[in-house]
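Peer 1: With the input below, show me the fold.
(chains A and B)
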2 protein chains.
Amino acid sequence: MPAAAAAARKLSRFQAAILLSAASCTLRKGGCRSRGGPAQPRRWPPRAGDSHLLRKQCQADQRMGAGEEELFKAINTIRFLSIDGVNKANSGHPGLPMGCAPMAYLLYNEYMTYNPKDPLWPNRDRFVLSAGHGSMLQYSLMHLAGYESVQLEDLKQFRQWGSKTPGHPENFETLGVEVTTGPLGQGIANAVGLAAAEKHLAARFNKPDATVVDHYTYCILGDGCNMEGISNEAASMAGHWGLGKLIALYDDNRISIDGHTEISFTEDVAARFVALGWHVQHVKDGNTDLDGLRAAIDAAKKDPRPSFIKVSTLIGYGSPNKADTHDVHGAPLGKDETAATRANLKWNYGEFEVPPEVYELFSNAQKKGAAAEEEWKSAYAAYKDKYPEEYAELNSIYSSALPAGWEDALPTFTPEDKALATRLHSQTMLNALANVLPGFWGGSADLAPSNMTLMKQFGDFQKDTPEERNLRFGVREHAMGAICNGIALHSPGFIPYCATFFIFTDYMRSAIRMAALSQAGTIFVMTHDSIGLGEDGPTHQPIEHLASFRAMPNILMLRPGDGNETAGAYLAAVLNAKGKTPSGKVRPSILALSRQGMPNLPTTSKEAVLKGGYIVHGGDAKPDVIFIATGSELSLAIDAAKEIEASGKVARVVSMVCWELFEDQDESYKNSILPPDVTARVSVEAGSTFGWERYVGQKGKAIGVDSFGASAPAPILYEKYGITKAAAVEAAKAQL
Amino acid sequence: MPAAAAAARKLSRFQAAILLSAASCTLRKGGCRSRGGPAQPRRWPPRAGDSHLLRKQCQADQRMGAGEEELFKAINTIRFLSIDGVNKANSGHPGLPMGCAPMAYLLYNEYMTYNPKDPLWPNRDRFVLSAGHGSMLQYSLMHLAGYESVQLEDLKQFRQWGSKTPGHPENFETLGVEVTTGPLGQGIANAVGLAAAEKHLAARFNKPDATVVDHYTYCILGDGCNMEGISNEAASMAGHWGLGKLIALYDDNRISIDGHTEISFTEDVAARFVALGWHVQHVKDGNTDLDGLRAAIDAAKKDPRPSFIKVSTLIGYGSPNKADTHDVHGAPLGKDETAATRANLKWNYGEFEVPPEVYELFSNAQKKGAAAEEEWKSAYAAYKDKYPEEYAELNSIYSSALPAGWEDALPTFTPEDKALATRLHSQTMLNALANVLPGFWGGSADLAPSNMTLMKQFGDFQKDTPEERNLRFGVREHAMGAICNGIALHSPGFIPYCATFFIFTDYMRSAIRMAALSQAGTIFVMTHDSIGLGEDGPTHQPIEHLASFRAMPNILMLRPGDGNETAGAYLAAVLNAKGKTPSGKVRPSILALSRQGMPNLPTTSKEAVLKGGYIVHGGDAKPDVIFIATGSELSLAIDAAKEIEASGKVARVVSMVCWELFEDQDESYKNSILPPDVTARVSVEAGSTFGWERYVGQKGKAIGVDSFGASAPAPILYEKYGITKAAAVEAAKAQL
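Peer 2: Sure thing, here's the model as predicted:
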């Protein structure tokens, strides 16, 4: 970076050019007055809180001199590409790109190391636009920087069907976008995951004589992100972990959809981040003070703590009538105001027109990135020679291929093996996988001894032991999920897992959904999966959760019934985390695991789990009645089937361990398991019956729990809620 | 309170009795050493961070003198009732009650004003145990204080089927418990709602010569609560709103399930609360320093900001081998350690034995509360005479009865009325209801102009205008939901509503579930309810959300299709918020509302919505095919039916606006709407088809969206995803 950065910094005296440049201002008490120039921002005189910005702009304006054109053009190009994209779509958010263009320009053309021609180069700096609604900022920069995924034509297709420039940044649509953002706060939590991943890899693989992992994670977040609880959780973790290479720039524009943030957001954000253990700075004028921004980023890079740079900006900077108002937040500027903004910023280019010298300016980033990648490749090759074992591990983490024979690590079980809760089997699997999958790591939201998620062979990932692989998330489910998504998307060989009680998926549902949407192969290990957890009562007992995730696209909801099925669930989870799916898409997985013990069954197998549903009792014999069960109710269903058989009928039991995998199968397989002409069917699952009509049909009976649970010992609850062999037998007999 | 408080404070010199009283200590560098007494806490010497506690205990111990018995007994009674309850249940959390007994004793017997003989007296102080796993603390106190809901026998039935003492505090099980807690962080957010409700009522109804609303809200929260993002959101709101009568005591015991909080929670919590605008104090020795606790609570009451009192305690205080370890957090002490604790605290009483003088001591609270209620009743009667209009409003808020004729405020619509989005109809309803329901208020999580949730006749509830009724939650969905639940449970006449995009129920799902579980009649106004929101793309487009809430117990999921149905949705929501349900239980409601406009249909009605599903096209004629649709797809289904009719068949369209209300109906009604012998059925809904088998059967066809959405204009998405009249017609024809 040094050469390019130095070159770019020569431009710093041009900073004034990003001003309301047409205005020739006279400094006055409390503000500045335009003299014959275009209209000033609507609210005039400015509030006490923003007057420093406007004053500063005027002062800087007066410092303008010859040669300022280049930076002016680069930053205003970003602004106008964003304005034009939103106008053409007639939908979107121009305000943030207009305000954040200066800081984002610096990141993309002075600070970040990346190669637009090889967007997935492992050692690239990561950038996350946590305020994802400002997506045109990122698309404009990616285009200028030379990403092939974002051509000028793509900018014109903003928010259109099939385009590479959707409403919010989507990693699965646009090569070079690291994570999917939009739901506020997810991005900063992803960024914490990206930075944690880097810190881990660097500590684990770098050698005194060989640095092969070394990059920063930058994030731009807004007021909305900072209001969301998830961001506080994630920031608290980042402070605790000492993620010194995470640099977050807070676009402090004081405007949200409801208007000025003074109506709902008057806390001292900077002081909060100090309390969270961050290095905190304030750039008071993010509109013009490029040197101030540079100084802050430089200081941030030097500080061992994660850095929070509060950058005060004007939303919609440059728009004479809409800047600093919520009108510019989420609606197109429109024809007239765009014209006024063009005049105001003296922008004499056409729609979507990029001055050639701006492309030229941005070629710095490409050259610098290509050189850095070459340099890294040499170092990596040398590392391979000198540290072949570590290289193999690291390379596995950089690859989506699975090591040969990895699945053999998953044990099998027979009925002679001890009856155990599936959460305990899960612990066995986690520990086994950690030995064969170098990228497998994770932890729990302060429930490790209950979720059984510790890898015994490793210590804790902590500030001073980042090479370790057990993550301690504290009671922060939402950030945990999003941090794991960041880890998953950092390197294709990472398979992060995270754990809590199944009920607390309610606290992290958006992160789980973002995993499904953005194809982050996170494994969500969810124990205490039904009323079977007993005394903790209805606040802790999941009811609707299985159904609620079966309805969610692109995620596996697995509920294994014994040791073999738990092994199979991990087999499926890992395969899907690597895109071994019908569509080739990565699918994350949720494992619902029991608190209570259950026997190992003779007919289960890990391979069968991959079919989603299969016969565990009754063989191929044409059944009179089919029981369909999952998880802790599987052995109960078999007991019921045996009782039915005692009366001379043929009963089949199907383990429906994963509906999604079953639906992946072809019709003939599905019909062989659930013959359409066998309509006597009983499902048994200690959860909502919602959705079970799919498999039991109109005539069948779904046994489950459709009200909230209660506080009592588990066996009593099963009895009271009618999840019993007797109820299953009775339901079957009623159909025979 | 003065007399009783003064009496109680005389006891303050007895504070030393709550020590490890048998230990006769000598102060030494860094700690104290027991001299012939029972064993000391396991980790010895103490950490730097807690040595002050142990030192202090030793010093205080030396100050012990005659007459200390009473407080010793009261506080230790709380401890041992909790220990015994958890032991007997063989399940639960003794550590928190043992550590928090001193502060909780002070609240229940010196500070709080309440009447155990009339637990619902409107002007009572509210108490919330946000760390709900410590429920035995609250049950023990409620028993000692004289709540009839918690007899000694109930303490022995802790966590058993049908008991009044479930695993976590449940307002719907135990009269005198204000809100349901357990999922961490919900309680402190509920407490913010309770305090906001008080501030609102006080500002709206008190007069210079008449104070009829005046109470405090106290909350005990723990490390877990403070790690959760929701608590930061809620605390930020409390600071912003200046809720000066909210006093939160933070049980800083530094132990969570994973062990010492140093492994995941090293932020400066107190500094964070300062940044959030709270008055913050630290009581360094919550185990013994009752005067320090009293001074802090006194100062908290005087400060105009919400108060955060960090109270450092030892978890499991008194247990010689388990105090200050996670072993005492969530497991019974067991026989041996209980015996050791008894010896250590010189507790010579039997299991569940309450010394008579402790009951006597607690009779203060009853006397004080009864007197306060009498005083208030006089004031309220005088208020009625002097301010009859205000009295009527306030009394309506204190009652679960609905004002006569309130429902007439909900307008009706004809096809001639303008086609509008249901979010716009919703705005009409909200504004209409606000005029006739004095307890109707709410707001949005920074999406008011999109959710259309402003009540135009009112201003914003803010620090200095708390009498107003528009709430501005900022981008804090989770806290918003829990705050509204607190408001709902403050007074039976409150009907709070809160709003965001439907997708962001993912951020507040636990709060919505807690509304359903705890029978808080909150109305969740969720707009932008499908891919029909268009360009914002898949991060913003709900898919599985309708299904996920239909699976949730005790909540209405309503998706109205035009103006009349939106009116009907509010009719249902308000009735259910008041317990007008088959079970008599309060049910909250979620309204899914469209971004896009849709026509007013000739056959819809608000009353019909109360049936959940009803015929909107085709009348009583026996149909050949039934279309079932909701919300924005209703008119599309009617268009499809008309096309089918053109080919000579009879088509019926059913609006299934609310599955839960439909399931409330008797079989004959349901069969009249969906005749079982008509198996040609087509459902149309722009969301997951998951669960629709219930109504379309095995032979029918569900038209919906089972993958994530995309970023494009809405009409294009409907076309691309096949939510079209043509698709509906084709699906019907395939069955005819």
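
Peer 1: For chain A, which residue gets nearest to chain B?
Peer 2: With Cβ to the nearest Cβ, the shortest gap between chain A and chain B falls at residue A:229, namely 2.2 Å. C-beta coordinates here come from the backbone N, C-alpha and C atoms, glycine included.

Peer 1: quick one: pLDDT of the nearest residue to that residue once chain neighbours are set aside?
Peer 2: The shortest distance from residue A:229 to any residue that is not its chain neighbour, by Cβ to Cβ, 6 or more residues apart in numbering or on different chains, is 2.2 Å, and that residue is residue B:229. In the predicted model, residue B:229 carries a pLDDT score of 98.

Peer 1: Contacts only, for residue B:229.
Peer 2: By Cβ atoms under 8 Å, 6 or more residues apart in numbering or on different chains, the contact set of residue B:229 is A:228-233, A:476, A:478-479, B:185, B:478.

Peer 1: Give me the buried entries from those.
Peer 2: By neighbour count, with 16 or more other Cβ atoms under 10 Å in any protein chain shown, the contacts of residue B:229 hold A:228-233, A:476, A:478-479, B:185, B:478 as buried.

Peer 1: Can I get those residues in JSON lines including distance to residue A:630 and secondary structure?
Peer 2: Rendered in JSON lines, the data for those read as follows (distance: Cβ to Cβ, whole Å; DSSP: H, G, I helix; E, B strand; the rest coil):
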{"residue": "A:228", "distance to residue A:630": "34", "secondary structure": "coil"}
{"residue": "A:229", "distance to residue A:630": "32", "secondary structure": "helix"}
{"residue": "A:230", "distance to residue A:630": "31", "secondary structure": "helix"}
{"residue": "A:231", "distance to residue A:630": "36", "secondary structure": "helix"}
{"residue": "A:232", "distance to residue A:630": "36", "secondary structure": "helix"}
{"residue": "A:233", "distance to residue A:630": "32", "secondary structure": "helix"}
{"residue": "A:476", "distance to residue A:630": "29", "secondary structure": "coil"}
{"residue": "A:478", "distance to residue A:630": "27", "secondary structure": "helix"}
{"residue": "A:479", "distance to residue A:630": "30", "secondary structure": "helix"}
{"residue": "B:185", "distance to residue A:630": "31", "secondary structure": "coil"}
{"residue": "B:478", "distance to residue A:630": "30", "secondary structure": "helix"}
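
Peer 1: Show me which pair in these is furthest apart.
Peer 2: Every pair in the buried ones among the contacts of residue B:229 was compared (Cβ to Cβ); the two farthest apart turn out to be A:231 and B:185, at 14.9 Å.

Peer 1: Next, give phi and psi for residue A:333.
Peer 2: When quoted as degrees, to the nearest 10, the phi and psi of residue A:333 stand at phi -60, psi -30.

Peer 1: Now do the same for it: its pLDDT.
Peer 2: Looking at residue A:333, its pLDDT is 97.

Peer 1: In this structure it contacts residue A:87, no?
Peer 2: Yes: taking Cβ atoms under 8 Å as the contact criterion, residue A:333 and residue A:87 are neighbours in contact, 6.4 Å apart.

Peer 1: Show me the common contact partners of those two, please.
Peer 2: Shared between the contact lists of residue A:333 and residue A:87 (criterion: Cβ under 8 Å, 6+ apart) are residues residue A:94.

Peer 1: Looking at the two, which is more packed in?
Peer 2: Neighbour comparison, residue A:333 and residue A:87: the larger count goes to residue A:333, with 26 against 20 (by other Cβ atoms under 10 Å in any protein chain shown).

Peer 1: OK, contacts around that one?
Peer 2: A:83, A:86-87, A:94, A:316, A:319, A:322, A:341.

Peer 1: rerun at 7 Å
Peer 2: When contacts are counted by Cβ atoms under 7 Å, 6 or more residues apart in numbering or on different chains, residue A:333 is found next to A:83, A:87, A:94, A:319, A:322, A:341.

Peer 1: For the fourth one, give its distance to residue B:359.
Peer 2: Translated: residue A:319. For residue A:319, the distance to residue B:359 (Cβ to Cβ, to the nearest Å) stands at 71 Å.

Peer 1: can you count the residues close to the residue lying closest to residue A:696 once chain neighbours are set aside?
Peer 2: Beyond its immediate neighbours in the sequence, the residue positioned closest to residue A:696 (Cβ to Cβ, 6+ apart) is residue A:681, lying 4.4 Å away. Other residues near residue A:681 number 24, with proximity taken as other Cβ under 10 Å.

Peer 1: hang on, isn't residue A:681 packed against residue A:626?
Peer 2: Yes: shown here, residue A:681 and residue A:626 form a contact pair, counting by Cβ atoms under 7 Å, at 4.8 Å.

Peer 1: what's the closest non-adjacent residue to residue A:513?
Peer 2: residue B:506 (5.8 Å).

Peer 1: That neighbour should be in a helix, yeah?
Peer 2: Yes: secondary structure assignment places residue B:506 in a helix (DSSP: H, G, I helix; E, B strand; the rest coil).

Peer 1: ok, the buried ones among the contacts of residue B:229 vs residue B:76, which is closest?
Peer 2: Closest approach to residue B:76 among those (Cβ to Cβ): residue B:185, at 30.1 Å.

Peer 1: Not counting sequence-adjacent ones, nearest residue to the closest one?
Peer 2: For residue B:185, the nearest residue in space outside its immediate sequence neighbours is residue B:228; the separation is 3.3 Å by Cβ to Cβ, 6+ apart.

Peer 1: Share the number of residues neighbouring the residue nearest to residue A:503 when sequence neighbours are not counted, please.
Peer 2: Counting by Cβ to Cβ, 6+ apart, residue A:542 is the residue found nearest to residue A:503 once chain neighbours are left out, at 4.7 Å. Residue crowding around residue A:542 was assessed by other Cβ under 10 Å; the count is 26.

Peer 1: Looking at residue A:319 and residue B:359, which is more packed in?
Peer 2: For the pair residue A:319 and residue B:359, the greater number of neighbours falls to residue A:319 (29 against 15), based on other Cβ under 10 Å.

Peer 1: quick one: that one and residue A:339 touch, right?
Peer 2: No: proximity of residue A:319 to residue A:339 does not meet the contact threshold set by Cβ under 7 Å, at 10.7 Å.

Peer 1: Next up, the contacts around residue A:480.
Peer 2: Under the criterion of Cβ under 7 Å, 6+ apart, the contact partners of residue A:480 comprise A:445, A:473, A:498, A:508.

Peer 1: if I read this right, residue A:225 contacts residue A:186, doesn't it?
Peer 2: No: between residue A:225 and residue A:186 no contact is recorded; they are 8.5 Å apart, counting by Cβ under 7 Å.

Peer 1: The two: who's more crowded?
Peer 2: Per other Cβ under 10 Å, whichever of residue A:225 and residue A:186 has more neighbours is residue A:186, with 33 against 28.

Peer 1: which residues does the residue nearest to the more buried one when sequence neighbours are not counted contact?
Peer 2: For residue A:186, ignoring the flanking residues on the chain, the nearest one in space by Cβ to Cβ, 6+ apart is residue A:482 at 5.2 Å. Taking Cβ under 7 Å, 6+ apart as the contact definition, residue A:482 lies against A:186, A:189-190, A:193, A:230, A:234, A:511, A:514.
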